[in-house]
Each structure stands twice: as C-alpha cells, then as structure tokens.
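J.: Below are the sequence and a predicted model; questions follow.
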Amino acid sequence: MFNAYAYRVILEAKGNKFLIYYDNSAIYCKALDFDGDTKETILIDSVYDSFFCAKSQEDDIYLLCQGRNKTFLLLTFDGEGWNMEELSLRKDFGSIIPMGLFALTDGIHIVYAKKLSLDYYYDLFQLRRTKDGWEKNFISEIYLKAMEFSIDIKSTGFDMLHLVSTLYDGETSSLNYCNYNAKSGKWIKTPIINLNRNNIYIKMLIHENNLNLFCYSLDNNMLNLFYFTKQLRRESIFLLIDIIKLNIVSKDSYMVMELNDDILKICYADSEYYYENNYNVFLKQWEKYDQIPLNQLPNLYIVKEIKDNFDLGIDSRETICSIDDKLEILYPCNESMVIEEDKSNDNIISPGRASMILDQMDLLTEKVEILNRKINKLEEKDTYKEAMPRKERMNETSHKYSAPTLKQSNFRENFMKSSPTSIKLNHSPLLSGVESEKPMIIEESKEKNEVSSEEYPNKPKGFIRALTEWFK
C-alpha cells in the first residue's frame, strides 16, 4: 500500500535516531537509542498533517506544526527532551502558509507564503528569530498552482538558503533563483529562464557541490523535464544540461527524484504499482524501467532523510521506501529479480563451477588474442595500401598478376654488325663430319679450358669467352 500523505522524517541527533510522522491528528516520534532500544511517544495532538523539521549545527532538532485552533507550535529537542512553544505568528503576521523551517548560524528561519487577491499568486516572506522577536523580510512574488511542487528550498553549510520559484505573467513562466547568506543577512534574486508553460513543478538536488534544478510539467501523461545545474562555491549561473522526456506518468502520482553519480532515478507510485526509472545523465539515455505491483511490497511512505554532511552541513533528500524496526530505509525491489540474482550468486559461489568458468575464460582469451593478431596484420596491410599513392597501388597490382619481364638483349645487333667469317667445311671435322689426318692437339693456354686456335683456324679468337662475359 502507498499513501502519498503518509509523510515521514528520519534524522539523527544527540546519539539517537528519530522517526517523526503524522497519524490520526497527532505527531508521533519513534526514537532509537545507542543501545538499539526503541521508544515511541506522541509529541503533540490535535494538529494538521503538515509539519516541518530542521536540524541545527549544535545537533538540536526543531519541529514546526499548526494546531487545529490555527496556532503555530515550535517543538525543540536539545538532548534532554522535547520542549514546546506556542508562536503568535498568526496574530503578528496574519494568515500565513509555512513553506519551510531552517536552523542557520544566525537563528531559526521560517519561510512562508501569504496569499494575494489573484488566484495562485502569493508574496513570499522570511521570518528570522532574534532576541527581540521575529524579523520579517520580503523575498519575492511567486506563482503557486501546486503548493507542494511549485517551490523548493535547500540549505547548505548552516549559513546559506537556496530557493527556486516561478512567476506566471499570463503567457510565460519565469524561473527565479533567490539566495540568502546568513553572514550578510540579505537575499539576492537572479532570473534563470522563461518557459512557455504555466504549470511548472520544481525539484532541487544537491550533489557533488552542484545545485541541480529539475523543472518539469506533465502534459497528456508525458513528463517533460528540464535539467539545470550550477556550482555552489562560485558565482555561476544555471546551465541547461538536458531536456528529458518520459511516457505514461500520471498527474496524480507523487514524484520523487534522486541523483547518484550519473544516474537520475525518478520514482512514483499510483494505486496499483510502484515505478522506478533510471536515466543516465552522462550518456543521456534511459537505462531502466521497473514496475512493481504494490501487493508484492510492504507499506511504502514518502520519507525525508536528514543527514550530516561534511561539505554541505546538512543533506536532506526524499525517497519512496519502507522502514524497518531499526529505522533503516528499505528500497522497493522486484522479488523475481532478487530470486534470479540469488540463483546466479549460488552458481558463482560453487568452486567447481567457478573453476570451469575460469578455464573457459582463459581459452576464450587465447582465441581472442589470436584473432586480434590476425586482424592487426590485415589492418597493417590495408593501412599500407591506403597510404600509397593511387598510381603506385595500380602498378603494384599489375606486377602482382603479370608474367616476369626479362631484360632486353642487344646480342642480335652486335652480331649483325660484326664482320662475316667464311668457314670451310672440309677444314672443320666438327662441321664436315670427316676426320682429320692430323691429330687434334689441345694446348694449355694462359686461361683454363681455352682451346688452341690451331684446331679452329677459321674461328675468331676469344669469341666464346667474350660472349660468356657479356651474358654475365
């Protein structure tokens, strides 16, 4: 079951952990001490369901609520117990609508809205508690069509307030950023952007010293979200990072956003299902769509968790979750996915299964390395060919497939230019076939294997040797 009005606050102070919630016209507090023992008490009865909590630098807790008799009550926990004080805000400032409670270094701050004569238009004020009473400061004129979503306020470092609101002029909605510094005690207003919409909802998330602003509208079950960001530690402006769209979102659903690393998680629930959608702001794409029936989940609540943060002083964030007996947050999860994950974990834990998987991984690694070497060789050849000029690549291709070409010889020309020599057949037994009466004598010449010219008187001397040297 999910109840959008079942608002709860979890925070730690003075060594204790507290769960504060509203039920049956009363505000309850469940405390968990250092020893793990829990104690539940009723803080105050006969009040409305709207209340605000804040934590100071001294680790004190403050709670602001409105009684059924229209009086405002301020409850304080200082470690010894809870103290209650009735405030005369209605008497001093008329009919006001509290929008936030903050504990800064210069005192307790209450931000409230006061309705104007025009519908949806309000004046926004700040009350700061001093020794002499409450000091009132005007902040801005705002346009509130949805009270819970049209304005958002965050505190950082116990000395800064960050407020974003809208103002509609009949055609466009202007987003305005107001910054309060406890050291100077002044508000600075800066315009952000104008949007052609009159129904703008606002969420602010602080992550890694950046103030992330999400402005969205719901048109025909389509979520149109504008994502801005600015640096907290510099005098910088808001920059538009992305425009995100998400289908099938009901207007009646209470939407919660969380930003962790590069994942924007958008969660909401209706009467039947809990929805969780993860968007990668770095890759700018959706990575997860999850829909879980509420009958498979424990009771879900809207929980505001307030934690100490070294850089920010106080870090507060909202989430849709359930709470166990030790006041720990339990996020919704799909039971079927958990079962599959447990099965896979069991298989991985098995020693035999792990050994087989490692052997297969080693074998696949070797095959991949061989394939990579072959691919690299092919890429080197292709790269070499691409680097060659076109003419050289054509010549290389033609040489690759054509027959070898021999060096051209000028033997014929030299032979034709030489003077003719007459050969008598009867003087040469090799040519005539008649044996000579005079025996053939082979004399040793100065060079080896040279035949004497007496046996071949008609043959030019050194012709064979010259021809051999020419061919060499």
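T.: Arrived safely, thanks for sending.

J.: tell me the SS of residue 90?
T.: helix (DSSP: H, G, I helix; E, B strand; the rest coil).

J.: Which residue is the nearest non-sequential neighbour of the one residue sitting closest to the centre of the chain?
T.: Centroid-nearest residue in the chain, with Cα atoms, centre = their mean: residue 262, separated by 2.9 Å. In this structure, residue 262 finds its nearest non-sequential neighbour in residue 282, 4.1 Å apart by Cβ to Cβ, 6 or more residues apart in numbering. Every C-beta, even on glycine, is put in place using the N, C-alpha and C of the backbone.

J.: Okay, the one you found and residue 224: tell me how far apart.
T.: Distance from residue 282 to residue 224, counting by Cβ to Cβ, to the nearest Å: 21 Å.

J.: the more surrounded of these two?
T.: Set side by side, residue 282 and residue 224 show more neighbours around residue 224, with 17 against 8, by other Cβ atoms under 10 Å.

J.: Quick check: which element contains residue 377?
T.: Of the helices and strands defined by DSSP states H and E, residue 377 is found in helix 351-387.

J.: what is the rounded mean pLDDT of that helix?
T.: Mean pLDDT, helix 351-387: 65.

J.: number of nearby residues for residue 119?
T.: Residue 119 has 9 neighbouring residues, counting by other Cβ under 10 Å.

J.: typo on my end, it should be residue 111
T.: For residue 111, using other Cβ under 10 Å, the count is 23.

J.: How much space separates it from residue 247?
T.: Using Cβ to Cβ, residue 111 is found at 35 Å from residue 247.

J.: next one: residue 282
T.: For residue 282, the distance to residue 247 - Cβ to Cβ - is 22 Å.

J.: now residue 121
T.: Distance check for residue 121 against residue 247: by Cβ to Cβ, it reads 33 Å.

J.: Could you check which of those two is surrounded by more residues?
T.: residue 121 (15 against 9).

J.: per-residue pLDDT, that one?
T.: Residue 121 is assigned 95 on the pLDDT scale.

J.: Name the nearest residue to it, ignoring sequence neighbours.
T.: residue 143 (6.0 Å).

J.: again, but for residue 303
T.: Once flanking residues are discounted, residue 303 sits nearest to residue 8: 4.8 Å by Cβ to Cβ, 6+ apart.

J.: Correct me if wrong: that neighbour contacts residue 21.
T.: Yes: the pair residue 8 / residue 21 is scored as a contact, 4.3 Å apart, by Cβ atoms under 8 Å.

J.: between those two, what contacts are shared?
T.: Listed contacts common to residue 8 and residue 21 are residue 301; contacts here mean Cβ atoms under 8 Å, 6 or more residues apart in numbering.

J.: The stretch 201-350 of the chain: helices as residue ranges?
T.: Here the stretch 201-350 of the chain has its helices, by DSSP state H, counting those that start in this stretch, at 335-349.

J.: which residues of it fall in strands?
T.: For the stretch 201-350 of the chain, the strands defined by DSSP state E, counting those that start in this stretch occupy 201-207, 210-219, 222-231, 239-247, 254-260, 263-269, 273-280, 285-293, 300-309, 313-323, 329-330.

J.: now the angle from the third one to strand 263-269?
T.: Orientation check (axes from the mean of the first three to the mean of the last three Cα atoms, to 10 degrees): strand 222-231 against strand 263-269 gives 140 degrees.

J.: That's all I had, so thanks and see you.
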